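Need coordinates for the below:
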Amino acid sequence: MARALNYKGLDQEAHEQTVIALRLATNDVITNRRAAYDAEVSGRVDEQYALRRKCHELDPNSAEDLYWLARICAWAGETELLEKWIDRAINVETDPQRRMFLKCERFILRRDYRNAITGLQQLPLEFFGYERRIDEILASCSARVGDWDSAIKIADTSHSDERWWPIAYRALSEKAAGRGTSMKEKAERLVSTIQQTQAGSEIGHWEAFYLAEGKRLLGQKEDAYNFFRSIFSPVLRHLPLLEQDPLLDIFREDPEFRNLTAELRIEIEKTRARIQELEKSH
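Here you go, the predicted model:
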């Protein structure tokens, strides 16, 4: 029921069912994973970490839980724990392609994007990691090292259902090349496509983020931050390269972005302290 309600976009109702499910099946790993997802959606990252830690204890050979523990630690700046969890994920994973993906993820979390690219190129572009497809991750890494030609080639051949990132990368590549008119045309396309597609529907986190991206490329800062402000933390947690993602470069010099980052650091420090407390109990 919680899953069904979540698919319908009824997060509060889904949360209520998740609470009941967890009470009925306290040590069921699927229920705990559902609760971890629920905690993450609600921004309770420390609770998400605790639940994923419990899932690992219940199912120690699941690379998925270890992957999420590593990603949370990367976001919280817990480098030693990050390495511990991602190494364990690689060691327990038996599928060759997924194991390669996790090795690439380790390079990404270490900010070693060139080695990540080498590994990602060995995987099918349509292969799906735990959050997104390889084509999007590879485009992000390519753009991060300044290889916009490769990033755009990937964007142009992508058939992902996530339709916003290829348009955004095309606009950013035009900006990097100094082609302002073409950049504006692609940014306008990004904004108009989202607005048309989402007409009459509630705008989700990623639609809001890409609207902010397009608006900022068009120089409409106030509108951009009206979209970006409320979804800043969850977006930064889930971008392929976290806070180093090239999609954030257009914002970095803005006082508004620096203020949001400073506020986020307070949230991160609280989460990091809670993670450290949890680890002491283990």
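
Poorly predicted segments of the protein, please.
Across the chain, the ranges flagged by pLDDT under 70 are 160-162.

longest helix in it, by residue count?
Taking DSSP state H as the criterion, the chain has its longest helix at helix 255-280.

Which strands or helices does it pack on?
In terms of contacts (3 or more CB pairs under 8 Å, 6 or more residues apart in numbering; DSSP states H and E), helix 255-280 is packed against helix 45-58, helix 63-76, helix 221-228, helix 232-238. To be clear about C-beta, it is placed using only N, CA and C from the backbone, and glycine gets the same treatment.

Go through those helices and pick out the most buried.
Across the helices and strands packed on helix 255-280, averaging neighbours per residue (mean count of other CB atoms under 10 Å) puts helix 63-76 on top, at a mean of 24.

part of a strand, is residue 206?
No - counting by DSSP: H, G, I helix; E, B strand; the rest coil, one finds residue 206 to be helix, located in no strand.

Kindly tell me how buried the residue lying closest to residue 232 once chain neighbours are set aside is, as a neighbour count.
Nearest non-adjacent residue to residue 232, counting by CB to CB, 6 or more residues apart in numbering: residue 260, 4.9 Å away. Residue 260 has 18 neighbours, counted by other CB atoms under 10 Å.

Just to check, residue 260 is in contact with residue 229?
Yes - using CB atoms under 8 Å, residue 260 is in contact with residue 229, at 6.7 Å.

The residue nearest to residue 232 and residue 280: what is the separation?
Per CB to CB, to the nearest Å, residue 260 is found 31 Å from residue 280.

Over to residue 63?
25 Å.

ok, now residue 193?
Distance of residue 193 to residue 280, computed by CB to CB: 49 Å.

More neighbours: the two, which one.
Between residue 193 and residue 280, counting by other CB under 10 Å, residue 193 is the more crowded of the two (15 against 7).

How about the more buried one, nearest residue that isn't a chain neighbour?
Closest residue to residue 193 apart from its sequence neighbours, by CB to CB, 6+ apart: residue 167 at 6.6 Å.

Which residues are in contact with the one you found?
When contacts are counted by CB atoms under 8 Å, 6 or more residues apart in numbering, residue 167 is found next to 155, 186, 189-190, 193, 210.

Swap in 10 Å and give it another go.
Neighbour list for residue 167: 155, 186-187, 189-191, 193-194, 210, 213-214 [criterion: CB atoms under 10 Å, 6 or more residues apart in numbering].
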